[in-house]
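1. Build me a model:
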Amino acid sequence: MPSSSHSGRHPLTQLTPDERLIWRQLRNRARDASTTQPEAACIHYRDLGLLVDPDGRWHYPMSRPPFRGFNDALGHVSQYEHGRGRPLLSSLVTTMDDGQPGKGFALFAVSLGFEVVDPEPFWRRELTRTVAFWSSMDDTLLLDAAVDRVLSAVDGLSDMLRNRG
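-> I've put the predicted structure just below:
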């Protein structure tokens, strides 16, 4: 699995109950997807909103057009995954217009430390990584991603302590 830049600038994100619903839906889609057709795992914003909030009861209009707050929630899901060394689950969420993520996806990835030269190829690589990671059904990958993140944090602390002296 290609590694991404872990800058350590983002604290380990915790998800709200609403964001956990989004995370579960996206994780299940990625887990059940085929690595030969990762685009088939994608879901439109509207369809995801209807899945996580079928009755439109959330306390803000996140799950219905114009999806205010949905991008923030997807950003938290991506930050949560990135903080644990995993690919960005929000790569699965696309617009109905062109079947690609919103413009904020690449911008947010840059804020996480990814190098994004061209947004579309970056998205396709991240989508492929996401589906490959979750569909592998390999618990070792999950554990390795978590351990790698912990070791990276320990290295950062070690460097910081060395530089203090």
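
2. how near is Leu50 to Trp123?
-> 23 Å (Cβ to Cβ, to the nearest Å). To be clear about C-beta, it is placed using only N, CA and C from the backbone, and glycine gets the same treatment.

3. who has more neighbours, those two?
-> Neighbours per residue, other Cβ atoms under 10 Å: of Leu50 and Trp123, the larger number sits with Trp123, 19 against 15.

4. how about the strands in the protein?
-> Secondary structure of the chain by DSSP state E: the strands cover 43-44, 93-94.

5. Hmm, Gly102 is touching Phe70, no?
-> No - look at Gly102 against Phe70 with Cβ atoms under 8 Å: they stay out of range, at 9.3 Å.

6. Between those two, tell me which one has more neighbours.
-> Between Gly102 and Phe70, counted using other Cβ under 10 Å, the more crowded position is Phe70 (23 against 18).

7. if I look at that one, how far off is Val117?
-> 27 Å.

8. Also Val131?
-> 22 Å.

9. same check, this time on Trp123
-> From Trp123 over to Val117 the distance is 12 Å, taken as Cβ to Cβ.

10. What of Ser34?
-> From Ser34 to Val117 the distance is 28 Å (Cβ to Cβ).

11. Going by how many neighbours each has, rank the two and give me the top one.
-> Each of Ser34 and Val117 has its neighbours counted (other Cβ under 10 Å); Ser34 has more, 11 against 7.
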